[in-house]
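J.: One predicted model, sequence on top.
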Amino acid sequence: MNRKSILLSWALACLLKWHRNTHVHSFQLQSHPKTKRNLLTRHNVGIMNPGDWSDVKPNHIDNIFSDSPSAKSTSLNALQSAWTKYGLIAYVAHMCVFLPLALLPTYLGGKLGLLNKAASEHQALQVGQKTARTLLQWIPFMNVDVTPYVVDEPKPAILVSNHISMLDTFVFLAADEKLRGKNRRPIKTIYWKGLDANPICKILFSMAGFISVDMSDNGNGNPNEYNRASFKQMLKDTQKAIEEGFDIFVLPEGQLNPTPENGLQPILPGAYALAKSSKRPIQMVALHGCQNLWHADESIGMAPVGKDVKIKAFPLAKRKFKSAEEFEEAFTAVVGSFGLTGQDLPMEELDYWLNEQE
């Protein structure tokens with residue numbers, strides 16, 4: 001067996017091992033109990049693009065794999081489903097092989113002092129994103145429609161999104177350049193420390209300076225139970241990242257949603273508290289359709305029934321949320337509805353939820 005075959009065999013073995021344990025996590029600024037996570041996707045890789053409605057053309061959709069203006073829902077037959085699953089497995093396997101190689105120059109640049117810490121972290125994330133984007137063009141197992149929100153001078157923000165599938169990570173990575181633009185701000189994600197058991201995640205997350213928090217692995221859909229010392233360190237690391245000028249990406253549901261077809265899980269107050277303490281606005285991002293390729297419910301798992309995915313960045317919220325409950329209502333209305341239907345609310349309703357009311 002040649003070296004290339006050995007590497008691909010190792011990657012596939014890793015993937016199959018992770019697939020038996022698939023679950024994912026996020027972060028809340030409040031100690032809430034548990035969640036059984038998967039070593040492949042229990043993390044958040046973020047997106048953002050602040051500004052206001054006047055800076056862009058609303059509802060502009062950019063498909064990263066075709067000239068079609070938007071994705072059309074499709075139902076896969078058995079053969080199409082099997083072929084799509086094969087493409088998904090091949091994509092993740094190739095990420096396992098190529099990502100460490102792509103990150104090697106950044107690693108050496110940091111070790112040799114050619115890059116400072118902040119520059120090295122930002123470059124590592126960009127390398128990870130380019131790798132994900134390139135491989136998705138080579139192995140187009142899904143159709144991704146990106147609705148970007150791009151401004152010339154993006155402002156610091158707290159990004160929030162729904163979390164519907166173990167595929168979310170790859171969609172965020174691959175779509176970020178189109179979603180936020182080439183002048184996108186550097187960003188750090190808060191993720192479940194258990195993902196570090198996956199060597200590929202550990203390499204990317206540590207090199208990108210992502211912020212970990214430790215908690216019990218007790219099943220998606222259950223309250224999160226944090227390690228107190230880890231939680232305090234996460235708060236310190238988050239504050240430091242904000243002071244260094246990074247945007248922060250948070251999943252307000254706090255974990256992967258095992259039933260996205262039923263709507264959002266309970267929304268936790270961490271994103272609101274972080275935005276309030278940092279005096280930064282919130283920007284919402286929404287995903288739709290990822291669960292049709294890779295479902296969080298272990299009894300379904302990687303059994304594709306559709307291959308159309310949508311991701312949308314909304315304008316920076318001008319509304320100053322007065323309470324966690326008010327933020328929860330807005331997030332549920334804007335992100336929750338898009339996650340369920342893949343469609344926007346009417347402009348009047350979006351304006352109500354995202355902009356300050358008289």
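T.: Noted; the coordinates are in hand.
J.: Every contact and neighbour count from this point should use C-alpha atoms.
T.: Noted.
J.: where does the stretch 51-200 of the chain dip in pLDDT?
T.: 51-74 (pLDDT under 70).
J.: Can you list the residue ranges for helices in it?
T.: For the stretch 51-200 of the chain, the helices defined by DSSP state H, counting those that start in this stretch cover 78-111, 117-138, 168-180, 199-207.
J.: Export those helices as a markdown table, with columns for mean neighbour count and distance to Q255.
T.: Below are the helices of the stretch 51-200 of the chain laid out as a markdown table (neighbours: other C-alpha atoms under 10 Å; distance: least, C-alpha to C-alpha, whole Å):
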| stretch | mean neighbour count | distance to Q255 |
| --- | --- | --- |
| helix 78-111 | 17 | 21 |
| helix 117-138 | 19 | 22 |
| helix 168-180 | 23 | 12 |
| helix 199-207 | 19 | 17 |
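J.: Quick one, which of these gets closest to N355.
T.: Checking those against N355 by C-alpha to C-alpha gives helix 168-180 as the closest, at 20.3 Å.
J.: Hmm, C290 is touching T169, no?
T.: No. Between C290 and T169 there is no contact under C-alpha atoms under 8 Å: 10.1 Å.
J.: and S337, which of the helices of the stretch 51-200 of the chain is closest to it?
T.: Here helix 168-180 is closest among the helices of the stretch 51-200 of the chain (C-alpha to C-alpha), at 17.3 Å.
J.: what sits against A333?
T.: Contacts for A333 (C-alpha atoms under 8 Å, 6 or more residues apart in numbering) come out as W353.
J.: before we move on, the earlier item: want to try TSV for the helices of the stretch 51-200 of the chain, with distance to G245 as columns?
T.: Formatted as TSV, the entries for these read as follows, by distance: least, C-alpha to C-alpha, whole Å:
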stretch	distance to G245
helix 78-111	19
helix 117-138	10
helix 168-180	17
helix 199-207	17
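J.: To P281, which of these lies closest?
T.: That would be helix 168-180 among those, by C-alpha to C-alpha, at 16.0 Å.
J.: Mind giving me the packing neighbours of that closest one?
T.: Helices and strands touching helix 168-180, as assessed by 3 or more C-alpha pairs under 8 Å, 6 or more residues apart in numbering; DSSP states H and E, comprise helix 117-138, strand 143-147, strand 308-313.
J.: What angle do strand 143-147 and it make with each other?
T.: For helix 168-180 against strand 143-147, the angle by axes from the mean of the first three to the mean of the last three C-alpha atoms, to 10 degrees is 40 degrees.
J.: Let me see the ranges of the helices in the stretch 251-358 of the chain.
T.: Residue ranges of the helices in the stretch 251-358 of the chain, as given by DSSP H, counting those that start in this stretch, are 270-278, 324-331, 337-341, 347-354.
J.: Out of those, which is closest to L264?
T.: Among the helices of the stretch 251-358 of the chain, helix 337-341 sits nearest to L264 (C-alpha to C-alpha), with 8.3 Å.
J.: OK, contacts around V285?
T.: 47-48, 159-162, 311-314, 335.
J.: out of the helices of the stretch 251-358 of the chain, which comes closest to L103?
T.: The nearest among the helices of the stretch 251-358 of the chain, by C-alpha to C-alpha, is helix 270-278 at 30.2 Å.
J.: and G301, which of the helices of the stretch 51-200 of the chain is closest to it?
T.: helix 78-111 (10.6 Å).
J.: helices and strands around the closest one, which ones?
T.: With contacts taken as 3+ C-alpha pairs under 8 Å, 6+ apart, helix 78-111 sits against helix 3-19, helix 117-138, helix 199-207.
J.: what about the first one, average pLDDT?
T.: Predicted confidence along helix 3-19 averages 45 (mean pLDDT).
J.: follow-up on the earlier one: what touches both of C290 and T169?
T.: With C-alpha under 8 Å, 6+ apart as the test, C290 and T169 reach no residue in common.
J.: show me where pLDDT drops low in the stretch 201-350 of the chain?
T.: Using pLDDT under 70, the stretch 201-350 of the chain drops low at 215-227.
J.: give me that answer again for 80
T.: Under the criterion pLDDT under 80, the flagged ranges of the stretch 201-350 of the chain are 214-231.
J.: rewinding a little: with respect to V97, which of the contacts of V285 is nearest?
T.: I47 (24.7 Å).
J.: For G113, give its distance to G254.
T.: From G113 across to G254, the span is 36 Å (C-alpha to C-alpha, to the nearest Å).
J.: Tell me, how many residues neighbour K279?
T.: Residues lying near K279 (other C-alpha atoms under 10 Å) number 13.
J.: and it, how far is that from I242?
T.: Counting by C-alpha to C-alpha, the gap from K279 to I242 is 11 Å.
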